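Chemist: Take this sequence and fold it.
(one chain, ligands or ions: 2)
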Amino acid sequence: MPQKSSYTDIDKKYLPWSVYQEELYEMGLHDKKPPFTTVFDEWQPLAKERLSETAYCYAAGSAGRESTERRNTEALGRVRFIPHMLTPKASTRNLEIELFGVKYPTPILVAPIGVQRLYHSEGEVAAARAASKLGIPYIMSSASSSSMEQVAQASGDGPRWFQLYWPEDPNVTVSMLEAATAAGFRTLVVTLDTWNLSWRPRDLKNAYVPFYHGVGDQVCNSTEAFLDKMRSLNLSPKSNPREVGKHWVKHIFPGSQHGWDEINLLRRHWKGPIILKGIQHVDDAKKAVEYGLDGIIVSNHGGRQFDGGIGSIEALEPIVDAVGDKLTVLFDSGVRSGVDVMRALALGAKAVLIGRPFLWGLSLAGTDGVVHVLRCIMADLDLNMGLAGYHSIKELTKKDVYWKV
Ligand SMILES: Cc1cc2nc3c(=O)[nH]c(=O)nc-3n(C[C@H](O)[C@H](O)[C@H](O)COP(=O)(O)O)c2cc1C
Ligand SMILES: O=C(O)C(=O)c1ccccc1
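Modeler: Ligands and ions are numbered 1, 2, ... in the order given. Below you'll find the model as predicted:
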C-alpha cells in the first residue's frame, strides 16, 4: 500500500479544530450533550468509576513512588507563555505539520498503548478507527490485544505506524517487521525503555499483569518465526493461549539490552522511517544521529518505567538544542491538554503523542470517546494558539516561553 503524502484532506466537519467549541455550545440549544465531560482532569476519575480495579490501576499506575510521573506534569505546568496581542493573522490557524515527507492536519499522534481490550471490548480497533477519522497517526503497540490485520483494517487509509518491543531473537524481530510491513505499516517506532516491566506497586498489590491473563499477545499470531518456535514446543495460540502468552512476554521483554550496533539489523529490514522512543539523555540523542535514525521520541514512558527521572519536558530542550536540526524530535509523557501540546512544540518538538487521556476516552465511549478526547485537546490547542497570537505551528518558539523559576 503506497503511503499517502497528505492526511490533511480529512472530513471537513472536524476543521478548523476550534469548531468543536461551537458544536458543543450548539448542543445546548437542542438538548444534546457530548459523550462525556469536556473537563481534562475529569476523564481519569470518570474512567475509574467504569473500570475494574485491576485495569484502572494498570493504566493509572506508574513505577515506584510515581515520582517521575508527577514530575512530568509539574514540569510541563511550569512552562508558561507570554502572549502576543494585535495579531490579526492569528484569527485563523493552520495546525498542519509534516513528518517524514507526509502532511498531517495537527501535531498530535496517538501513543502506542498495549492491551486496549482491557479498556473497551473493541480495544485497538476502536482507537485506530478514531485516529483514522481525524487523519492522525495511530501507533500500534507490539503488546496489542488486537491483531495487525484488525488494526490495519480499522485504520483504513489512515496513517499506520508500528511500535516494536525488540525481541532478543533476531529471527523473531525480522518476522515481526515483515508482518508489519505486509499489513501496511510504514513508520517504525522502537521502544528502548522497557526491557522488562518496572516495579509497579499498584499492580503488585493487585497481583495483576495483563499477560498472565492472555491479554496483549495478539501480535504474536502474525509473527511466523515465533509461531514456528511454539510449534516446535507443540503449542499454538488457539489451544494454549496462556503458555503462548508467557513465551511471548519473554520474547518481547527479553530482559537484556540490545546495543547501538544492532540498529543496523532494523535498518536492513525496514524500508520506512525508524524512530527511537524513550530517549531522555542528550548523549543518546547524539547516538541516534550517529546511527542514522530518522527520529526520536523524548519520552519516559509516562513515568511507568524508571522512577526517579527528570520530567520528560525537562529533557526536551537540551536534546533539541543538540540534535533538533539533524533528526525529527517528537515528545510524550504528561501531555493532558492543548496548551501542553503548545508547550512541547515551543520547546522544539515537531509533534506530540497523547497517551493516557485517549485511553480514558476509549474506556468511556470507544471510538466516539477517543474522538471526543482528541477533539477537546485539539480545540484547546487551536484556540490557545490564537489567543497567544500564533497563526501556524512553526511560529511557536521558546523565545515566548518563561520557565525554570
Ligand atoms: C496502559 C499503558 C500501556 C502502554 N503500552 C505501551 C506500549 O505497548 N508500547 C510503548 O512504547 N509504550 C507504551 N505505553 C507508554 C505510552 O506510549 C506513552 O509513552 C505514555 O503513555 C506517555 O505518558 P502519559 O500517558 O502519562 O502522557 C503505555 C502506557 C500506558 C499508560
Ligand atoms: O505497561 C506499559 O507501560 C507497557 O508498555 C506495556 C507493556 C506490555 C503490555 C502492555 C503495556
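Chemist: How about residue 91: what's its closest non-neighbour residue?
Modeler: residue 386 (6.5 Å; Cβ to Cβ, 6 or more residues apart in numbering). Where you see a C-beta, it was placed from the backbone N, CA and C, and this is true even at glycine.
Chemist: Tell me if I'm right that residue 150 and residue 125 touch.
Modeler: Yes - using Cβ atoms under 8 Å, residue 150 is in contact with residue 125, at 5.4 Å.
Chemist: neighbour-wise, which of the two wins?
Modeler: Taking other Cβ atoms under 10 Å, residue 150 and residue 125 do not tie; residue 125 has more neighbours (23 against 19).
Chemist: pLDDT value on the more buried one, please?
Modeler: Predicted confidence (pLDDT) for residue 125: 98.
Chemist: swap in residue 242?
Modeler: For residue 242, pLDDT reads 85.
Chemist: how much space between it and residue 221?
Modeler: 15 Å (Cβ to Cβ, to the nearest Å).
Chemist: So between these two, which is more surrounded?
Modeler: residue 221 (18 against 13).
Chemist: show me what contacts the residue nearest to residue 277 when sequence neighbours are not counted?
Modeler: Spatial nearest neighbour of residue 277, chain neighbours left out: residue 297 (4.1 Å); criterion: Cβ to Cβ, 6+ apart. Taking Cβ atoms under 8 Å, 6 or more residues apart in numbering as the criterion, residue 297 is in contact with 189, 275-279, 330-332, 353.
Chemist: what residues does the stretch 1-150 of the chain put near ligand 1?
Modeler: Applying Cβ under 6 Å from any ligand atom, we find that the stretch 1-150 of the chain lies next to ligand 1 at 58-59, 111-114, 141, 143.
Chemist: same for whichever strand or helix holds residue 352, what does it pack against?
Modeler: Residue 352 belongs to strand 351-354 when assigned by DSSP states H and E. Counting contacts by 3 or more Cβ pairs under 8 Å, 6 or more residues apart in numbering; DSSP states H and E, strand 351-354 is packed against strand 108-110, strand 328-331, helix 338-346, helix 356-387.
Chemist: circling back: return the distance of the residue nearest to residue 277 relative to residue 319.
Modeler: In terms of Cβ to Cβ, residue 297 sits 11 Å off from residue 319.
Chemist: where do the contact lists of those two overlap?
Modeler: residue 279.
Chemist: Need the pLDDT of the most centrally placed residue in the chain.
Modeler: Central residue check for the chain by Cα atoms, centre = their mean: the C-alpha nearest the mean position is that of residue 111, 0.9 Å away. The score at residue 111 is 99. That number is its pLDDT.
Chemist: Kindly report the same for residue 251.
Modeler: Residue 251 is assigned a predicted lDDT (pLDDT) of 87.
Chemist: what does residue 86 give?
Modeler: We have a pLDDT of 98 for residue 86.
Chemist: ok, how many other residues are close to it?
Modeler: 6.
Chemist: And for the one 3 residues further on?
Modeler: Using other Cβ under 10 Å, residue 89 has 13 neighbouring residues.
Chemist: Could you look up the SS state of it?
Modeler: Secondary structure state of residue 89, per DSSP: H, G, I helix; E, B strand; the rest coil, is helix.
Chemist: Residue ranges in the stretch 151-300 of the chain under the pLDDT threshold?
Modeler: Within the stretch 151-300 of the chain, no stretch falls below the threshold (pLDDT under 70).
Chemist: Return the residues of it in contact with ligand 1.
Modeler: 163, 191, 277, 299.
Chemist: repeat that for 5 Å
Modeler: Within reach of ligand 1 by Cβ under 5 Å from any ligand atom, the stretch 151-300 of the chain has these residues: 163, 191, 299.
Chemist: now the strands for the chain?
Modeler: 80-81, 97-99, 102-104, 108-110, 138-140, 160-164, 187-191, 274-279, 295-298, 328-331, 351-354, 401-402 (DSSP state E).
Chemist: Now render those strands as a markdown table, adding distance to residue 363.
Modeler: Listed next are the strands of the chain as a markdown table, based on distance: least, Cβ to Cβ, whole Å:
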| stretch | distance to residue 363 |
| --- | --- |
| strand 80-81 | 31 |
| strand 97-99 | 28 |
| strand 102-104 | 26 |
| strand 108-110 | 15 |
| strand 138-140 | 17 |
| strand 160-164 | 20 |
| strand 187-191 | 23 |
| strand 274-279 | 23 |
| strand 295-298 | 24 |
| strand 328-331 | 24 |
| strand 351-354 | 14 |
| strand 401-402 | 33 |
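Chemist: which one of these is the most hemmed in?
Modeler: strand 138-140 (a mean of 28; mean count of other Cβ atoms under 10 Å).
Chemist: Please say whether there is contact between it and ligand 2.
Modeler: No - applying Cβ under 5 Å from any ligand atom, one finds strand 138-140 separated from ligand 2 by no less than 11.9 Å.
Chemist: for the record, mean pLDDT for that strand?
Modeler: 98.
Chemist: Need the residues that contact it.
Modeler: 109-112, 124, 127-128, 131-132, 148, 151, 155, 158-163, 180, 185, 189, 353.
Chemist: Excluding chain neighbours, what is closest to the residue of the stretch 251-400 of the chain found nearest ligand 2?
Modeler: Residue of the stretch 251-400 of the chain nearest ligand 2, by Cβ to the nearest ligand atom: residue 304 (4.3 Å). Closest residue to residue 304 apart from its sequence neighbours, by Cβ to Cβ, 6+ apart: residue 62 at 4.8 Å.
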